[in-house]
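Sequence first, predicted coordinates after that:
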Amino acid sequence: MFDKKIVQLTNSEVGHTLNTGQVFSANNEWIVFDHRNNDGDIKITGSIGIVNTKTGEERTIYKTTNQTAHGPGVGAASFSPVTDRVIFIQGIRNADAQKPYDFTRRTGVAIDIDKPGQPIFMDARSLDKPYTIGALRGGTHAHSWSGDGEMISYTYNDYVIEQLAKTDARVKDLRTIGLMFPKKVVVANLANLENNDGEMFSVLAATVVENPVAGSNEIDKAFDECWIGKDGYIKADGTRQRKAIAFQGNVKNANGETITEIFVSDIADDLTQSNFNDNAAGTATTRPAVPSQITQRRVTFMANLSQSLGKGAKGPRFWLRSSADGSRIFFLSEDDKGIVQAYSVSSNALNGGEIKQVTNNDFSIASPINISPDGLYLSYIADQSVFITAISSGISQRLTPKYQAPEKLNGAVVWSNDGSKIAYNRYVKSENGVFLQVFLLTK
């Protein structure tokens, strides 16, 4: 499928960390990255770059203006599928030793690549009462564009609830997911650098509770989501659900153990035209409520299974993925030998749909996964090589040699929008150190 000719695309002696998906521009001319050299270094990373897939030209398109060891920090950049705009995490602008970059102190900032250095704050943020409908009070993270580029999903932690949890043992800082759509949100008191207006209107999309009932569908964490299909999926009744998000949710099994299951939030077509009540903004003691136009349902019931899948979704940190037609949701779990494999389940499943094993390797998948645009192949890192697996047959192909430290592979293996290229990260040693570079495989 690929000619196995490996091209090192970047060469500058800085980090070039690719996000877990959506790193190619709409026309596949550019790849976006941040300048981290290690995964956990967003707090100390101050710039976003792009590289041309044909010439290898590198450009820095954004730098923070007051970067310190405490933040703001930038990272995890992804391209819109329809415009030359990227979105990435940025810490709150007044980050310092007392209030550093953190889960509840970050937001989504965008750059149009023809206007470098001009930040666009996407999700509004306000910590002032009364809380603003459409704005958030915490931190968004791991932003992902819907197939049509109209909406952006994210994971979320709420600052107000985080602070309350420090004094009230009944309250916990729980991760959840949300989405934003184009609609300007203006907040008060912009002199406070904790606050910012937003180009988009934000709502939460998953309900989490502090103490899930064992054996129920309640969850205390929603995370690492994906949009289902480029244009949603076909429901059992033959109608199209145009917007839906699949996400991982932590439930308690009958024994009270935490198990990660797959959930879906179906989004009503009229969400963007709806009016929202004050509950959507949250209160001093409650996180923002999920609007009635979003319906949460559980897709898998692995906690009820006795075989290895009874452990639930499991493996290295990964984001769910969907086929382009939206029919299947892909995730990781362990097989009976304890090897991490890829699995899929129908997006329509209501009461524990059939789970299909996709890979059958002798070694574990060691990275996030991605699906080719034509829906035929799965890409990932395993055994320190880039692999693809044919989804229909389960036949896997090693595309690169097995690398050894310090020149090891890192992160996700990401397809171009036309499926003709694969981008991935590998550490490269030079006289001045070991730097994370971008590599390409081309058909």
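Noted; the coordinates are in hand. Residues are numbered from 1 along each chain as shown.

buried stuff in the one helix or strand Val386 maps to?
Applying DSSP states H and E as the criterion places Val386 in strand 385-390. By neighbour count with 16 or more other CB atoms under 10 Å, strand 385-390 contains the buried residues Ser385, Val386, Phe387, Ile388, Thr389, Ala390. Backbone N, C-alpha and C define where each C-beta goes, glycine included.

got it, and stretch 51-70?
Within stretch 51-70, the residues scored as buried using 16+ other CB under 10 Å are Val51, Thr53, Glu58, Ile61, Tyr62, Thr64, Gln67, Thr68, His70.

Dump it to PDB, keeping only the CA atoms.
Provided in PDB are the C-alpha atoms of stretch 51-70 (Å, rounded to 0.1, in the frame of the first residue of the first chain):
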ATOM      1  CA  VAL A  51       5.700  22.300   8.000                       C
ATOM      2  CA  ASN A  52       5.100  22.000   4.300                       C
ATOM      3  CA  THR A  53       4.500  18.400   3.200                       C
ATOM      4  CA  LYS A  54       6.300  18.900  -0.200                       C
ATOM      5  CA  THR A  55       9.200  21.200   0.700                       C
ATOM      6  CA  GLY A  56       9.800  20.600   4.400                       C
ATOM      7  CA  GLU A  57       9.700  24.400   5.000                       C
ATOM      8  CA  GLU A  58       9.000  25.100   8.700                       C
ATOM      9  CA  ARG A  59       7.100  28.100   9.900                       C
ATOM     10  CA  THR A  60       6.300  29.300  13.400                       C
ATOM     11  CA  ILE A  61       2.700  30.600  13.300                       C
ATOM     12  CA  TYR A  62       2.200  31.500  17.000                       C
ATOM     13  CA  LYS A  63       4.200  32.300  20.100                       C
ATOM     14  CA  THR A  64       3.000  33.100  23.600                       C
ATOM     15  CA  THR A  65       3.900  36.600  24.700                       C
ATOM     16  CA  ASN A  66       4.700  35.900  28.400                       C
ATOM     17  CA  GLN A  67       5.900  32.300  28.500                       C
ATOM     18  CA  THR A  68       7.500  31.100  31.800                       C
ATOM     19  CA  ALA A  69       8.100  27.800  33.400                       C
ATOM     20  CA  HIS A  70       4.500  28.100  34.800                       C
END
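
Now do that stretch: distance to the chain's middle.
Here stretch 51-70 is found 21 Å from its chain centre; the criterion is CA atoms, centre = their mean, to the nearest Å.

hang on, the earlier thing: give the rounded mean pLDDT of the strand holding Val386.
Computed over strand 385-390, the mean pLDDT rounds to 98.

Tell me the first helix or strand C-terminal of it.
strand 396-398.

Farthest pair within the buried residues of strand 385-390?
Maximum pairwise distance among these (CB to CB): 16.5 Å, between Ser385 and Ala390.

With pLDDT, distance to Ile339 and secondary structure as extra columns, can I get the buried residues of stretch 51-70 in TSV?
Listed next are those as TSV, based on pLDDT from 0 to 100; distance: CB to CB, whole Å; DSSP: H, G, I helix; E, B strand; the rest coil:
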residue	pLDDT	distance to Ile339	secondary structure
Val51	98	34	strand
Thr53	98	34	coil
Glu58	98	38	strand
Ile61	98	40	strand
Tyr62	98	40	strand
Thr64	97	41	coil
Gln67	96	41	coil
Thr68	96	43	strand
His70	97	40	coil
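
how about low-confidence regions in the stretch 251-400 of the chain?
350-352 (pLDDT under 70).

at 90 what do you get?
In the predicted model of the stretch 251-400 of the chain, residues 303-310, 348-354 satisfy pLDDT under 90.

Break down it into its helices, ranges please.
Read by DSSP state H, counting those that start in this stretch, the stretch 251-400 of the chain holds no helices at all.

just to revisit the earlier point, can I get the buried residues of strand 385-390 in a markdown table with distance to Ser306?
A markdown table is the format used below for the buried residues of strand 385-390 (distance: CB to CB, whole Å):
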| residue | distance to Ser306 |
| --- | --- |
| Ser385 | 33 |
| Val386 | 35 |
| Phe387 | 30 |
| Ile388 | 32 |
| Thr389 | 26 |
| Ala390 | 30 |
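
Out of those residues, the closest to Glu218 would be?
For these, the residue nearest Glu218 by CB to CB is Thr389; the value is 34.2 Å.

how close does that closest one get to Ser372?
Distance of Thr389 to Ser372, computed by CB to CB, to the nearest Å: 10 Å.

Name the residues contacting each of these two.
Each of Leu378 lies in contact with both Thr389 and Ser372 under the rule CB atoms under 8 Å, 6 or more residues apart in numbering.

Do I have it right that Pro373 meets Ala324?
Yes - the pair Pro373 and Ala324 passes the contact test of CB atoms under 8 Å, sitting 6.0 Å apart.

Tell me the one among the buried residues of stretch 51-70 nearest to Val14.
Nearest to Val14 among the buried residues of stretch 51-70, counting by CB to CB, is Glu58 at 9.1 Å.

Once you drop chain neighbours, what's closest to the closest one?
Excluding the flanking residues, the one nearest Glu58 by CB to CB, 6 or more residues apart in numbering is Val51, at 5.0 Å.

and the one you found, what are its bridge partners?
For Val51, the beta-bridge partners are Ile31, Glu58 (DSSP bridges).

In this structure it contacts His16, no?
Yes - using CB under 8 Å, Val51 is in contact with His16, at 7.4 Å.

where in the stretch 51-200 of the chain is pLDDT low?
In the stretch 51-200 of the chain (pLDDT under 90), the answer is 189.
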